[in-house]
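Chemist: turn this into a model:
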Amino acid sequence: TAVLDWISPKGEVIWPPLHRNSKINRGFKHELTGSLLCPTGLDWNDPQTKEDLHSGKMLVCRDHWLIFLYA
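Modeler: Predicted coordinates:
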């Protein structure tokens, strides 16, 4: 729940909603969490990048720097 509080803009609602007691539709499946997990060298706004990360066609390795580290 602390992560949801951290990524939620003050006074705004995350859409689609993220439920505190469920991890369904998080990660690369959700627009907000996917954008934060996207490696810095990739463009999350590119539909092909989103699809490749969501499907597992493109893997994120341990040496990739994730955007949320700079948030």
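Chemist: residue contacts, the nearest residue to Gly27 once chain neighbours are set aside?
Modeler: Nearest in space to Gly27, with sequence neighbours left out and distances taken as CB to CB, 6 or more residues apart in numbering, is Thr33 at 5.8 Å. Every residue, glycine included, has its C-beta placed from N, CA and C. Contacts for Thr33 (CB atoms under 8 Å, 6 or more residues apart in numbering) come out as Ile7, Leu18, Arg26, Gly27.
Chemist: highest neighbour count among those?
Modeler: Taking other CB atoms under 10 Å as the neighbour criterion, Leu18 ranks highest of these with 18 neighbours.
Chemist: looks like that residue contacts Arg26 (just checking).
Modeler: Yes - with contacts counted by CB atoms under 8 Å, Leu18 reaches Arg26, the gap being 6.5 Å.
Chemist: quick one on the thing from earlier: which helix or strand contains the residue nearest to Gly27?
Modeler: helix 31-37 (DSSP states H and E).
Chemist: tell me which other helices or strands the helix or strand just after that helix touches.
Modeler: Toward the C-terminus, helix 31-37 is succeeded by helix 47-55 as the next helix or strand (DSSP H and E). Packed against helix 47-55 by the contact rule (3 or more CB pairs under 8 Å, 6 or more residues apart in numbering; DSSP states H and E) you find helix 31-37.
Chemist: tell me the buried residues in the helix it packs on?
Modeler: By neighbour count on 16 or more other CB atoms under 10 Å, the buried set for helix 31-37 is Thr33, Gly34, Ser35, Leu36, Leu37.
Chemist: ok, the residues you listed vs Ile67, which is closest?
Modeler: Leu36 (5.5 Å; CB to CB).
Chemist: surely that closest one touches Ile7?
Modeler: Yes - judged on CB under 8 Å, Leu36 makes contact with Ile7 at a distance of 6.5 Å.
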